[in-house]
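Chemist: got a predicted model here, sequence first, then my questions.
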Amino acid sequence: MSDRTTTAAVTLESLYGAHHGWLKRWLTHKLQSAFDADDIAQDTFLRVMGNDALSGLRDPRSFLCTVAKRVMVDLFRRNALEKAYLEMLALMPEALAPSPEERESQLETLQLIDTMLDGLSGKTREAFLLSQLEGLTYSEIALRLAVSVSSVKKYVAKAVEHCLLFRLEHGL
């Protein structure tokens, strides 16, 4: 790493030029796949593109590793969600199975919901899903989660607020 990179204002172009190759090698070593490393590296720089922190960046490689790790976590979560969805579809009678277009749309919706609920505590997420997907009353949820009804009300309210803020932030 040159002194010029750490002392001058870092631009996306200089960051990419100086560290893209290094990031791909690091990711290839971590993932044992050059193909996945290329995808993660590209997604990492896409995320960095909108980041205002570049101007004060002191340790570009550490910053890129942090962003790349978050991209990897998101990829692993999406893959796990897709696998669970496909396993569920395999259990359905073929006559009831959705079309390929419907499957893609449903999978995108599931991934959006997963992203939207990310950051909620386990009980908050579970209370919200039990309320919204299974239609359980707050009393039933309280029994299932072994908490008070007032706690369930707080969990669901927090989850609704979280989802509304997510939608506002992402223009949904």
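Modeler: Received it, and whenever you're ready, just let me know what you need. Computed from a prediction, not measured in an experiment: that's the story for all the values here.
Chemist: could you use CA atoms for every contact and neighbour count after this?
Modeler: Will do.
Chemist: H20 reaches D43, doesn't it?
Modeler: No - with contact defined as C-alpha atoms under 8 Å, H20 does not reach D43; the gap is 11.5 Å.
Chemist: more crowded one of these two?
Modeler: Neighbour count, other C-alpha atoms under 10 Å: between H20 and D43, H20 has more, with 19 against 16.
Chemist: so which strand or helix has that one?
Modeler: helix 12-31 (DSSP states H and E).
Chemist: one more: E134?
Modeler: Going by DSSP H and E, E134 is not in any helix or strand.
Chemist: what about it, how many neighbours?
Modeler: When neighbours are counted by other C-alpha under 10 Å, E134 comes out with 10.
Chemist: likewise V71?
Modeler: Using other C-alpha under 10 Å, V71 has 19 neighbouring residues.
Chemist: quick check: which ranges of this structure have low pLDDT?
Modeler: Applying pLDDT under 70 to the chain flags the ranges 1-10, 52-55.
Chemist: from G56, how far off is the residue most central in space within it?
Modeler: Most central in the chain under C-alpha atoms, centre = their mean is D74, positioned 4.0 Å from the mean C-alpha point. Distance of D74 to G56, given as C-alpha to C-alpha, to the nearest Å: 26 Å.
Chemist: how about whichever helix in the chain runs longest: buried residues?
Modeler: Using DSSP state H to define each element, the chain has its longest helix at helix 60-90. For helix 60-90, the neighbour count (16 or more other C-alpha atoms under 10 Å) marks P60, R61, L64, C65, V67, A68, V71, M72, R78, L81, E82 as buried.
Chemist: how many residues are close by the closest residue to the fifth one other than its chain neighbours?
Modeler: In this case it means V67. The shortest distance from V67 to any non-neighbouring residue, by C-alpha to C-alpha, 6 or more residues apart in numbering, is to T44 (6.0 Å). Residues lying near T44 (other C-alpha under 10 Å) number 22.
Chemist: what's the helix or strand for T44?
Modeler: Counting by DSSP H and E, the element that carries T44 is helix 34-49.
Chemist: which residues sit against that helix?
Modeler: For helix 34-49, the surrounding residues in contact (C-alpha atoms under 8 Å, 6 or more residues apart in numbering) are 12, 16, 20, 23-25, 27-28, 31, 64, 67-68, 71-72.
Chemist: swap the cut-off to 6 Å and go again
Modeler: If you take C-alpha atoms under 6 Å, 6 or more residues apart in numbering as the criterion, helix 34-49 is touched by K24, L27, T28, A68.
Chemist: got the buried residues for that helix?
Modeler: In terms of neighbour count (16+ other C-alpha under 10 Å), helix 34-49 has its buried residues at D36, A37, D38, I40, A41, Q42, D43, T44, F45, V48.
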